[in-house]
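Enquirer: Could you look at this predicted model? Sequence included:
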Amino acid sequence: MKQITDNELDQLIHLAFERQEQLQQAEKAVMKTIAADARRRTLRHWLRLTAIALTIAAIVAGYGWLLTASRLPEQQPLLALFGGIIVLAAVVQTAVHIKTEQV
Amino acid sequence: MTDRELIAEIVQKRQTQAFAVLMSRYTGLIYSKSLQILRRTDLAQDNTQQTFIRAYERLEEFRGEQLGSWLVPIATHLALRLLEKERRMMPSDTATMPLQQAQTSLQEVREREELLQMVAEAIDCLPPADREIMRRHYFDKQKTDDIARQMGLSQSNVLVRMHRIRERLKKQLTHETDN
């Protein structure tokens, strides 16, 4: 049977409180990191939604302009350029969406 | 609430506060395991934090019932990696400790950690007022007359309480180390 001396006990009690303090600090640091991560996720989510909304709006507006411009022959090169930009925007948006879904 | 229920709260409802409850259940265990491997309190604290952050990121992969048995391998893996990194940074003559010496100190660390866990658990079981008296005396290094004044007790009452708590702790520790 191992007897614990008064000195050892005092030291153990002190260490136990010291440990408790360290663990509380560690817990606080982890919670801080987790909260920051949650904020980052929310921000990313909203940024993605905004990007999708803006792309859809651009596509709709572009399509409207396309319909108008197709009736004017001098606008044909611009029409082709704008059509290309819209297709590119849609491709980029889809790629970004697929990438974030994978993450 | 069980670990499983808390994890469901975190994963499905994104209740990050539930993770604080989970953490408070296992920080002692993870810190202790980390300290046994790393033997340095600052590294053990870092490793404990990293373990919980890693666990939070992979919480959806947890399939068991007790989180502790899932966390310990994560902590061990991270601690070994950290140890390796520390060793690489240390001069080679200090990194090679004789095997016997290393084993003896590991045994000592284990025994001390077990005792410390017992004391911490015994302190947690104390009534709040008694725990506060002990914390003020042993952690804040307050004198008994100051504690008595601040807590609205007589000094003799504080001394008697402390004596009883210490005796109870000593008995409990002797009993548990026997078992």
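Expert: On my side now, so go ahead.

Enquirer: alpha carbons only for contacts and neighbour counts from here, please
Expert: OK.

Enquirer: neighbours around the closest residue to B:T41 other than its chain neighbours, how many?
Expert: Here the nearest residue to B:T41 in space, its sequence neighbours aside, is B:L35; by C-alpha to C-alpha, 6 or more residues apart in numbering or on different chains that works out to 6.4 Å. For B:L35, the number of neighbouring residues by other C-alpha atoms under 10 Å in any protein chain shown comes to 23.

Enquirer: Need the pLDDT of B:L35.
Expert: Each residue has a pLDDT score; the one for B:L35 is 88.

Enquirer: just for chain B, where's the confidence low?
Expert: Low-confidence segments of chain B, defined by pLDDT under 70, are located at B:91-104, B:176-179.

Enquirer: Tell me the residues of it that contact chain A?
Expert: By C-alpha under 8 Å from any C-alpha of the partner chain, the residues of chain B that approach chain A are B:16, B:20, B:23-24, B:27-28, B:31, B:45-46, B:48-50, B:52-53, B:56, B:115-117, B:119-120, B:135, B:138-139, B:166, B:170, B:173-174, B:177-178.

Enquirer: List buried members of the residues you listed by neighbour count.
Expert: By the neighbour-count criterion of 16 or more other C-alpha atoms under 10 Å in any protein chain shown, the residues of chain B next to chain A include these buried positions: B:16, B:23, B:27-28, B:31, B:45-46, B:48-50, B:52-53, B:56, B:115-117, B:119-120, B:135, B:138-139, B:166, B:170, B:173-174, B:177.

Enquirer: which residue is nearest the centroid of chain A?
Expert: Among the residues of chain A, A:R44 comes closest to the average C-alpha position under C-alpha atoms, centre = their mean, at 2.6 Å.

Enquirer: any low-confidence regions in chain A?
Expert: Short version for chain A, where the test is pLDDT under 70: A:1-2, A:75, A:99-103.

Enquirer: run the last query once more with 80
Expert: Within chain A, the set of residues satisfying pLDDT under 80 comprises A:1-4, A:59-87, A:89-90, A:92-103.

Enquirer: Distance of B:N157 relative to A:P77?
Expert: When C-alpha to C-alpha, to the nearest Å is the yardstick, B:N157 and A:P77 sit 95 Å from each other.

Enquirer: continuing past the host helix or strand of A:I13, what's the next helix or strand?
Expert: When elements are assigned from DSSP states H and E, A:I13 belongs to helix A:6-69. Moving toward the C-terminus from helix A:6-69, the next helix or strand (DSSP H and E) is helix A:76-102.
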